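[1] how would this look folded up:
(2 chains)
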Amino acid sequence: MSVRVGEAASAPTFAAAAKHLMGNDQLRRNVRNATEVIRNKRAAVVGEMSDWQQLRDTAHAIKDHTMRHLGEYLARFEENCTRAGGIVHWARDADEANAIAIEIIRSHNEKEVIKVKTMTTDEIGMNRALEAAGITPYETDLADLIVQLGDDKPSHIVVPALHRNKMEIRELFMRTMGLSELGTRPEDIAEAARLYLREKFLRVPVAISGANFAVAETGSVCVVESEGNGRMCVSLPRLLISVAGIEKIVPKFADLEVFLQLLARSATGERMNPYNSIWTGVTPGDGPREFHVILLDNGRTKVLADEVSRETLDCIRCGACLNACPVYRQTGGHAYGSIYAGPIGAILTPQLQSMEHSQTLPYASSLCGACYEVCPVKINIPEILIHLRNKIVENGDAPAGEQMGMKAAAWAMSDAANLSTARTLGRIAQMPFANNGVIHHLPGMMSGWTATRDMPSIPAESFRQWWAKRAREKRP
Amino acid sequence: MDQPLRRRKYTEITGRTPLIAIHWELQISLFIACYNDMLFPGTGQAVVTVLERLGHTVEFRQSQTCCGQMHYNSGYQADALPLMEKFLDDFRDSGVVCIPSSSCVAMIREHYPVMAEKSGRPEMVREVQSLIPRVFEFSELLVDKLGVEDTGAFFPYLVTLHSSCHSLRSLHIGDKPERLLKKVRGLTYVPLEDRDQCCGFGGTFSVKNADVSAAMAADKIRCVLKTRAEVCAALDNSCLMQIGGALGRLNTGTRTMHIAEILAATEASVPTGAGAHV
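    Numbering: from 1, shown residues only, chains lettered A, B, ... in the order given. Coordinates of the predicted model:
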């Protein structure tokens, strides 16, 4: 089995990628502006919900229950979807899922597919696999189209082209669509995409989608979006293939009431998504004649086995934690080296890969807690980040210098006398660097701090020394 | 049960100190926090000054060291556990424990129960349960436990307040620190923009991801400088090391101070700015 999360396994460290990206001032401006707009919209529409916290609690409880009985609900989904005329496949990993999709498309002798916005197919690198099999995929979500035409990578779960601004997109469309003229208004640029895509919708008979939710009770699949392009894809073609992570299951149709409220408000700051497509199997004379669901594991059951961090799988991909994260807002999504960026990416990407890759991601957080605060399903991301750091340390994969430093600190803190000794040693060690109570430069690991910030030096008298002295003086 | 508040009212009404005030005093045990002990002794001294001025007795247990937060947050749970055990030992029979660092308080409230649970030792779970209600962050202790907002301080400067993430999101501190600052005579309080934004310290994050951490500090000091405040205060010297480190490097003339040092200041002892910029 080969679990793959995009190209995360070969990505540079977070710190290195972040340093590189932070040098791009246009990208930083785009990310800053876009996240601020979405954050403010979200805050406004969340603020008008008096039962928001109850909704979050309910969603968390539903997810928790589902994950505890996932096998049961998946079987129920398969049964009900099959009964409604759908065909359910099970894929252990990326390669299996891609092979199943290619096999289905080949059996129809088709060479092109249109795609609804889906993170899951990015996770398994489906576009590459399709191209290698001689099948051309066309992304139809506006942002995914921008990413595809620019041979770029998504930088946000909900707004994959968030790192691009209007003028960059205009230039890209003119170049890749062969347009000699294009206006600069957003509606001009959208019109160019509309004309480009409309032709694909009407011509290509195969569509691939992801799934926001898969309902066990009815065997239905639900996709939500803002543009209507997804609706085109799930209704016009003859053949529809949906790739769903096994964690997308909700037990009952009525559960959607909770999640659709939370998702729209958290993701885009809308009260309801403009397009909520829910379909059950096939219906003669209406929509696709053949419908397949590929249920994807790709590392998920391993995540499920960890009691502390399994709630990572509760994620409904709203992206609110990205917009709220002060780290993401500095670097944008590409720094995470994964299609799953931001705080949720920092916990999901390494776990899907059994903690063998992307080990710098759990450290890409100041643990400020803003992600947990906005998470609509109450995933305790800071706690899971700490849990994953602990796994890395326990495996002996933490940097040697850090391990030594922590051991030394543990020794120093184990006893007040040791602490006093450590303090004296610190006083001696800082002598070449301290100047008037301030340190401007430190070597080694600490140089990262002093590159931009001063550091206080250890003063002559500690608090406990002051206290002891005072106690002596007070004594008659 | 708010005896100090009752005493204050008595004093306000009669202008006298009640004769039996001794019975209303609280014995407060100070957990200074390891980094305050070593790097910011002035904060501990200020806490003692304020609590004693309000008529309470402060004790300092010399055996104390560290709550274990750095190890825990960095993934060294195995090293954090003995530090928690030590904390429990050191403060087993204490009364109220005052901690001038909200992140240490968050460590105790949020992570000690989890660590105790994981250890599988029921007596440790019970000890943590008994400890938690006794632990107060400094501003919590003043406002919630002692019912005090006016600490009798005088500090004639323009002051803004940085709200640490732990105080906001773990302690739900609300406007307690602001209320304390607003009662300081001579002090002009100016709120900080984007107060819920992290300063970028984050413990080992500030070194492991130094570039991102510095960029976050830049955002924070942009807001601080916009207020034109002379002093940026906070409940946590860890954040202030980050914010003050950047403010100092750029010679902005705005310094950082733990809130206790502001509340300790009086007409007789307004701290001068000399050498206090970090």
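[2] OK, contacts around A:Arg310?
    A:67, A:303-304 (Cβ atoms under 8 Å, 6 or more residues apart in numbering or on different chains). For every residue, glycine as well, the C-beta is placed using N, CA and C.
[3] restricted to strands, list those residues.
    Using DSSP state E, no member of the contacts of A:Arg310 falls within strands.
[4] in a markdown table, list the residues you listed along with distance to B:Met70.
    Output for the contacts of A:Arg310, formatted as a markdown table (distance: Cβ to Cβ, whole Å):
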| residue | distance to B:Met70 |
| --- | --- |
| A:Met67 | 32 |
| A:Val303 | 28 |
| A:Leu304 | 31 |
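[5] burial measure for B:Ile221, as a count.
    B:Ile221 has 23 neighbouring residues, counting by other Cβ atoms under 10 Å in any protein chain shown.
[6] ok, now B:Leu51?
    Based on other Cβ under 10 Å, the number of other residues close to B:Leu51 is 25.
[7] now the helices for the stretch 301-450 of chain A?
    A:320-324, A:328-331, A:342-352, A:370-374, A:381-394, A:400-413, A:416-429, A:447-450 (DSSP state H, counting those that start in this stretch).
[8] so where is chain A shaky, pLDDT-wise?
    Within chain A, the ranges that satisfy pLDDT under 70 run A:1, A:476.
[9] what's the angle from the helix of greatest length in it to helix A:342-352?
    Longest helix in chain A by number of residues, with DSSP state H as the criterion: helix A:25-47. Going by axes from the mean of the first three to the mean of the last three Cα atoms, to 10 degrees, helix A:25-47 is angled at 100 degrees with respect to helix A:342-352.
[10] quick one: contacts of helix A:25-47?
    Residues from elsewhere that reach helix A:25-47 (Cβ under 8 Å, 6+ apart): A:21-22, A:52, A:155-156, A:159, A:162-165, A:168, A:265-266, A:268-271, A:319-320, A:322-324, A:328-332, A:374.
[11] so which residues of the stretch 1-150 of chain B form strands?
    B:27-30, B:57-59, B:96-99, B:135-137 (DSSP state E, counting those that start in this stretch).
[12] same list (those) but as JSON lines, adding distance to chain A and mean neighbour count.
    As requested, the strands of the stretch 1-150 of chain B are arranged in JSON lines below (distance: least, Cβ to the nearest Cβ, whole Å; neighbours: other Cβ atoms under 10 Å in any protein chain shown):
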{"stretch": "strand B:27-30", "distance to chain A": "9", "mean neighbour count": "20"}
{"stretch": "strand B:57-59", "distance to chain A": "9", "mean neighbour count": "14"}
{"stretch": "strand B:96-99", "distance to chain A": "13", "mean neighbour count": "23"}
{"stretch": "strand B:135-137", "distance to chain A": "16", "mean neighbour count": "24"}
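[13] of the ones you listed, which is nearest B:Met115?
    Comparison of the strands of the stretch 1-150 of chain B against B:Met115 by Cβ to Cβ identifies strand B:135-137 as nearest, at 14.9 Å.
[14] next one: that closest one to chain centre, how far?
    9 Å (Cα atoms, centre = their mean, to the nearest Å).
[15] that one packs against which elements?
    Judged by 3 or more Cβ pairs under 8 Å, 6 or more residues apart in numbering or on different chains; DSSP states H and E, the packing partners of strand B:135-137 are strand B:96-99, helix B:102-106.
[16] which residues in chain A form strands?
    Counting by DSSP E, the strands of chain A are A:87-91, A:112-115, A:136-139, A:206-209, A:213-215, A:220-225, A:239-245, A:249-250, A:275-280, A:290-296, A:434-435, A:438-439, A:455-456.
[17] residues contacting A:Ser226?
    Here A:Ser226 is in contact with A:268, A:270, A:273-275 (criterion: Cβ under 8 Å, 6+ apart).
[18] emit the ChimeraX select command for whichever of those are buried.
    Filtering these down to the buried ones (16 or more other Cβ atoms under 10 Å in any protein chain shown) takes a single ChimeraX command:
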select /A:268,270,273,275
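[19] which non-adjacent residue is nearest residue 244?
    Since no chain was named, I'll use chain A. Ranked by Cβ to Cβ, 6 or more residues apart in numbering or on different chains and with sequence neighbours excluded, the top spatial neighbour of A:Ala244 is A:Ala211, at 3.7 Å.
[20] my question was about chain B, not that one.
    Excluding the flanking residues, the one nearest B:Gly244 by Cβ to Cβ, 6+ apart is B:Thr256, at 3.5 Å.
[21] where's that neighbour, which helix or strand?
    Of the helices and strands defined by DSSP states H and E, B:Thr256 is found in strand B:255-258.
[22] mind listing what that strand pairs with, with the direction of each?
    strand B:231-234 (parallel) (DSSP bridges).
[23] and the next helix or strand past the partner strand?
    Using DSSP H and E, the first helix or strand after strand B:231-234 is helix B:237-249.
[24] dump that following helix to PDB, restricted to CA.
    Taking Å, rounded to 0.1, in the frame of the first residue of the first chain, the C-alpha atoms of helix B:237-249 are listed here in PDB:
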ATOM      1  CA  ASN B 237       6.500  38.100  30.000                       C
ATOM      2  CA  SER B 238       7.000  35.500  27.300                       C
ATOM      3  CA  CYS B 239       5.000  37.500  24.800                       C
ATOM      4  CA  LEU B 240       6.700  40.700  26.100                       C
ATOM      5  CA  MET B 241      10.100  39.200  25.500                       C
ATOM      6  CA  GLN B 242       9.000  38.800  21.800                       C
ATOM      7  CA  ILE B 243       7.300  42.200  21.500                       C
ATOM      8  CA  GLY B 244       9.900  44.000  23.600                       C
ATOM      9  CA  GLY B 245      12.700  42.300  21.800                       C
ATOM     10  CA  ALA B 246      11.500  43.700  18.500                       C
ATOM     11  CA  LEU B 247      10.600  47.100  19.900                       C
ATOM     12  CA  GLY B 248      14.000  47.300  21.500                       C
ATOM     13  CA  ARG B 249      15.900  46.200  18.400                       C
END
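[25] for the closest residue to chain B within the stretch 1-150 of chain A, what are its contacts?
    Of all residues in the stretch 1-150 of chain A, the one sitting closest to chain B is A:Lys19 (4.7 Å; Cβ to the nearest Cβ). Going by Cβ under 8 Å, 6+ apart, A:Lys19 touches B:Asp211.
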